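Peer 1: Prediction below, plus the sequence it came from.
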Amino acid sequence: MSRIGNKPVTVPDDVTIELANSVLKAKGKLGELSMTVVELVDMSHADNQIVVTPKEQTKIARSMWGMQRSLAQNLVTGVSEGFSKELEIQGVGYRANLQGKMLKLQLGYSHDIDFPIPDGIQIECERPTAVKISGIDKQQVGQVAAKIRSFRPPEPYKGKGVRYVGEYIFRKEGKKK
């Protein structure tokens, strides 16, 4: 029995839901998103709630049950509130700044890294060492944040690199005599 799948998705008043031909569309103040519902689950919309139930009691249907409910929740949350990830840059001379639709990163390499900002993503740099990524698609926001982090992941000896805000980096002791 899925604990996540049992909970219905509550739809706020400012979000309109359209469910037709196994496609769920959500439209809110921030934009519009859609997803395709797998055939192993039934999805119904009534009384400002989305209810997901498995069609049969197979292992794959039960695993899709909770996942489809989570994806529907992410759709509703994305168009009403949006998602954001924050990165912090640590290291001497490491910085980031915006130049139009390009994020320019200086991460200790011999060259600057130019990261083109994808459509549907907003990036803010309130400080040269802080980057905030926001958008309505949770998967895309996380993917962009992971891509920026991958240019210089934090290293365990000095902690230099790009990390998520609040991320714990296991530190190692250096060489001993």
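Peer 2: Happy to help now that I have it. Numbering: from 1, shown residues only.
Peer 1: May I have the worst-scoring helix or strand of the chain on mean pLDDT exported as PDB, CA atoms only?
Peer 2: Lowest mean confidence among the helices and strands of the chain (mean pLDDT, DSSP states H and E): helix 3-6, at a mean of 84. Output in PDB follows, covering the C-alpha atoms of helix 3-6 (Å, rounded to 0.1, in the frame of the first residue of the first chain):
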ATOM      1  CA  ARG A   3       1.500   5.900   1.600                       C
ATOM      2  CA  ILE A   4       2.200   8.700  -0.900                       C
ATOM      3  CA  GLY A   5      -0.300   7.400  -3.400                       C
ATOM      4  CA  ASN A   6      -3.100   7.300  -0.800                       C
END
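Peer 1: how far does it sit from the chain's center?
Peer 2: In terms of C-alpha atoms, centre = their mean, to the nearest Å, the centre of helix 3-6 is found 21 Å from the chain centre.
Peer 1: Which strands and helices lie in contact with that helix?
Peer 2: Counting contacts by 3 or more C-beta pairs under 8 Å, 6 or more residues apart in numbering; DSSP states H and E, helix 3-6 is packed against strand 49-54, helix 59-80. For the C-beta atoms, the positions are set from N, CA and C on the backbone; glycine is no exception.
Peer 1: Relative to residue 103, which of these is closest?
Peer 2: With C-beta to C-beta as the criterion, residue 103 lies closest to helix 59-80 of the helices and strands packed on helix 3-6, at 21.7 Å.
Peer 1: The helix or strand following the closest one: partners in the sheet, and parallel or antiparallel?
Peer 2: Once the chain leaves helix 59-80, the next helix or strand it forms, by DSSP states H and E, is strand 83-90. Paired with strand 83-90 in the same sheet, following DSSP bridges, are strand 130-135 (antiparallel), strand 161-164 (antiparallel).
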